[in-house]
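Enquirer: Make a model of this:
(one chain, ligands or ions: 1)
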Amino acid sequence: MATPPPPQPELDWTPERARALGERAVGLWEELLTLLPGLPVDRGRPAAEVRAAVALDVPEQGLDDDALMRHLRELTLERSMYPGHPGFMGYISGAGTVPGAVGELLSGALNQNVGGWLLSPGASEVEAALTRWLAARFGLPEGAGGLIVGGGAFATFIGLKLARDAHGGEDVRELGVREPLAVYASTEAHVVADRAADQLGLGSRAVRRVATDAAGRLDPVALDAAIARDRAEGVRPIAVVATAGTTATGAIDPLPALAERCERDALWLHVDAAYGGPAVLADDLRPLLAGIDRADSIAVDPHKWLYTPVASGCVLVRDLRALADSFAVRASYVQQDLEATGRGVSYADLGPGFSRGFDALKVWLSLLAHGSEAYGRRISHDAALARYMGELATERPDFELAAPVGLSICCFRYVPPGWAADDPRLDDLTERLFTAIQLDGRAYCSNAVIDGRQALRACIVNFRTEAPDVERLLDVAAELGARLAADRAA
Ligand SMILES: *Cc1c(COP(=O)(O)O)cnc(C)c1O
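Expert: Residues are numbered from 1 along each chain as shown. Below you'll find the predicted structure:
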C-alpha cells in the first residue's frame, strides 16, 4: 500500500507572518529614506570589514524575525552605499524610484515567470505595453517593441545579435560566422559593444573604433573611410553602434548622418542610448536626439535616467519580428496551442532568456505613479544642474571645465592655486582626488579620461540632487584637493 508522506508546511508562512516581516522591512525602508540625507554617501570601509559584518553562515535553524531584522539593518544602514543620496553623482546609476521599490516587492510576491505568457498573463502584457510605449517615445513605428533586460550590456548584445542575424550571411544562426564582419562605433562608445562582438563570435576586434570630433561625437567622414577600408579588404560591414549620451561626457553622435549612412548601405543601426535615451521625455532635450527614430534597435536603461531600481535595462526594436527571427528555437516542452487558448506572445520566444522575472513592474509602476510630464521636468532639471556645475567650474579660479557639459554630465578638474592648467602633476592629483572624495562620504563623483587626461566627473541621474549638493561636491573637491596638493609639496 502506498503511504502518503505527511504534510511539511514549514516553509509556507502564514499571511500574518508575511505581513509581520514585511511591515518591519517597510519600516526599515522608511527609516532609510528619513536618514538618507544625513548619512555618508559611502563609508569607504574595506572589503574585509564589510565581509566580516555581512557574510553570515547559513544557519541550520532559521533565524527569527528579530535576528533577520538586525541583519537587514546592518546591511541597510551600515554596509551599503547610497546611489539615492542627494550627494551621489558618480558613474551612471539612477537614484532608485520609490514606486519602483514597491514594484520590486510585489513582483517578488507575485512571482510571475515572464518567459511564458501562460505563466504571466498580466505581467507579459504589462511588459509589452511598457516597451511599446517606450518605443513610441523614440518615434519608432507601429510594430516596434522590445523587452526588459538586465542592463545596457544585454541590450547592446541583443541589438548586435539582430544585426549579425540580419546581415552576417546566409544561415548565420545555424552555421555560425563564416566571413569577417565589422561593426563601427566611436572611440567613446561603451565597451559593451566589444563584449557583444566577442560573445557573438565576431571577435572584439570586429568593432572598429572610429575617431570622434573635439566634442566626443563620432566623425561620419572617419566612418566612411573605415567602411571603405574594410570593404577593400573583403570584410563585410554589418552595423553601426551610435551612442546617444556617451558614458564619459554625455556626447551624442550625429544620428541623422549615421542613419543616412546605414540606410544607404543596408547596415543595422543600433543606438546605444543606455544613458541618454530618457532625454526624449524632456521638452528641451528631446531635439538633441533627433534621428533616433531611424534606429533598427535602441538600448535604453530605465535604471539610469528613469531612476528605477537596478536591474532594469531595455532593448527596443523597430520591428518585433526581428527579435522573433533572431531567437526562435523549437523546444518540445513549451509547445502550446495559441489559437485554442487565446494566449499572447511569450517573451522566451523574443530573447535569450527562458525563465524571466517581472522587472518591468518597477519601471511600469514608476511611470504610472509619476507620469511622463514630471519625469520630463526632472530629467530637464538634472541637465540644468549639470550646466550650473559647469558654470561654477568655469567661474571658480580653482576649477576648470574638462569637457563641454553633455546632457547631465559635467567633467571638471580641480587646479590648486599656483598650478598651471597643463601641469603634468594634475593627472595624478585628479586620480587620487576622486578616490579621496569617494572615501570621504560627504559627496560622490567618479572620473573620466578625456583626451588622455584625468578629470573628475559628475553625472546627475538623481531626483534628490539639488544646487547645494552640486556646490558641496565642488567645495569638498577643493578642500580635499588642496590637502592632497599640500601633501605632495611637503
Ligand atoms: C551604462 C552604459 C552601458 C552599460 O549599461 P549597463 O546597464 O551598465 O549594462 C552601455 N552603454 C552606455 C552608453 C552606458 O552609459
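Enquirer: rest of the way, CA atoms for contacts and neighbours
Expert: Noted.
Enquirer: What residues does the stretch 301-450 of the chain have near the ligand?
Expert: Proximity of the stretch 301-450 of the chain to the ligand (CA under 6 Å from any ligand atom) is limited to residues 301, 313.
Enquirer: Setting aside sequence neighbours, what's the nearest residue to Ala206?
Expert: Counting by CA to CA, 6 or more residues apart in numbering, Ala206 lies nearest to Ala182, which is 4.7 Å off, once chain neighbours are set aside.
Enquirer: you'd agree the one you found is in a helix?
Expert: No: the assignment for Ala182 by DSSP: H, G, I helix; E, B strand; the rest coil gives strand, which leaves it out of any helix.
Enquirer: thinking it is in contact with Arg208, fair?
Expert: Yes: applying CA atoms under 8 Å, one finds Ala182 in contact with Arg208, separated by 6.8 Å.
Enquirer: who has more neighbours, the two?
Expert: Set Ala182 next to Arg208 and count neighbours by other CA atoms under 10 Å: Ala182 wins out with 25 against 20.
Enquirer: Can you show me the CA trace of stretch 423-436 as PDB?
Expert: Output of stretch 423-436 as PDB, limited to C-alpha atoms (Å, rounded to 0.1, in the frame of the first residue of the first chain):
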ATOM      1  CA  ASP A 423      50.700  70.900 -15.000                       C
ATOM      2  CA  PRO A 424      51.800  67.300 -15.600                       C
ATOM      3  CA  ARG A 425      51.100  66.500 -11.900                       C
ATOM      4  CA  LEU A 426      47.400  67.200 -12.300                       C
ATOM      5  CA  ASP A 427      46.700  63.800 -13.700                       C
ATOM      6  CA  ASP A 428      48.000  62.000 -10.600                       C
ATOM      7  CA  LEU A 429      46.300  64.600  -8.300                       C
ATOM      8  CA  THR A 430      43.000  64.200 -10.100                       C
ATOM      9  CA  GLU A 431      43.100  60.400  -9.900                       C
ATOM     10  CA  ARG A 432      43.800  60.500  -6.200                       C
ATOM     11  CA  LEU A 433      41.300  63.200  -5.600                       C
ATOM     12  CA  PHE A 434      38.200  61.300  -7.000                       C
ATOM     13  CA  THR A 435      39.100  58.300  -4.700                       C
ATOM     14  CA  ALA A 436      39.600  60.700  -1.800                       C
END
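Enquirer: Where does pLDDT dip in the protein?
Expert: Under the criterion pLDDT under 70, the flagged ranges of the chain are 331-337, 339.
Enquirer: Select the longest helix from it.
Expert: Across the chain, the helix with the greatest residue count (assigned by DSSP state H) is helix 360-395.
Enquirer: now it: how far from the chain's centre is it?
Expert: Helix 360-395 sits 15 Å away from the centroid of its parent chain (CA atoms, centre = their mean, to the nearest Å).
Enquirer: go on, stretch 351-366?
Expert: Stretch 351-366 has its C-alpha centroid displaced from the chain centroid by 15 Å (CA atoms, centre = their mean).
Enquirer: what about that stretch, how long is it end to end?
Expert: Across its full length, stretch 351-366 reaches 24 Å between end residues, using CA to CA, to the nearest Å.
Enquirer: before we move on, the earlier item: counting by contacts, list what the longest helix of the chain packs against.
Expert: For helix 360-395, the contact count by 3 or more CA pairs under 8 Å, 6 or more residues apart in numbering; DSSP states H and E identifies helix 98-110, helix 121-137, strand 399-401, strand 409-414, helix 467-489 as packing neighbours.
Enquirer: I'd guessed Tyr347 sits against Asn113; true?
Expert: No: with contact defined as CA under 8 Å, Tyr347 and Asn113 do not form a contacting pair (9.6 Å).
Enquirer: which of the two has more neighbours?
Expert: Each of Tyr347 and Asn113 has its neighbours counted (other CA under 10 Å); Tyr347 has more, 25 against 21.
Enquirer: With adjacent residues omitted, what lies nearest to that one?
Expert: In space, and not counting its chain neighbours, Tyr347 is closest to Gly115: 4.8 Å by CA to CA, 6+ apart.
Enquirer: re the thing from before, now the angle between helix 98-110 and the longest helix of the chain, please.
Expert: On the basis of axes from the mean of the first three to the mean of the last three CA atoms, to 10 degrees, helix 360-395 is oriented at 150 degrees to helix 98-110.
Enquirer: Any buried residues in helix 360-395, and which?
Expert: Neighbour counts over helix 360-395 (16 or more other CA atoms under 10 Å) mark 360-367, 375-376, 378-390, 392-393 as buried.
Enquirer: can you check stretch 314-325 too?
Expert: Residues of stretch 314-325 classed as buried under the neighbour-count rule (16+ other CA under 10 Å) are 314-320, 322-325.
Enquirer: Those residues in strands, which ones?
Expert: The subset of those located in strands under the criterion DSSP state E comprises 314-317.
Enquirer: Specify which member of those residues is nearest to the ligand.
Expert: Cys314 (8.9 Å; CA to the nearest ligand atom).
Enquirer: who's in contact with the closest residue to Pro99 other than its chain neighbours?
Expert: Spatial nearest neighbour of Pro99, chain neighbours left out: Ser366 (5.2 Å); criterion: CA to CA, 6+ apart. With contacts defined as CA atoms under 8 Å, 6 or more residues apart in numbering, the neighbours of Ser366 are 97-100, 308.
Enquirer: Tell me who's in contact with Tyr375.
Expert: With CA under 8 Å, 6+ apart as the criterion, the residues that contact Tyr375 are 281-282, 306, 367.
Enquirer: and which of the residues you listed is nearest to the ligand?
Expert: Sorting the contacts of Tyr375 by distance to the ligand puts Leu306 at the head of the list, at 12.0 Å, by CA to the nearest ligand atom.
Enquirer: Touching, the closest one and Ser93? I think so.
Expert: No: at 10.0 Å, Leu306 does not count as touching Ser93 under the criterion of CA under 8 Å.
Enquirer: Residues that sit against both of those two, list them.
Expert: Contact criterion CA under 8 Å, 6+ apart; residues bridging Leu306 and Ser93 by contacting each: Val461.
Enquirer: higher neighbour count, the two?
Expert: Comparing Leu306 with Ser93 by neighbour count (other CA under 10 Å), the higher total belongs to Leu306, at 30 against 25.
Enquirer: which residues does that one contact?
Expert: Applying CA under 8 Å, 6+ apart, we find Leu306 in contact with 94, 278, 363, 375, 461.
Enquirer: With Arg457 instead?
Expert: Neighbours of Arg457 in contact, by CA under 8 Å, 6+ apart: 90-91, 248, 409-412, 445-448.
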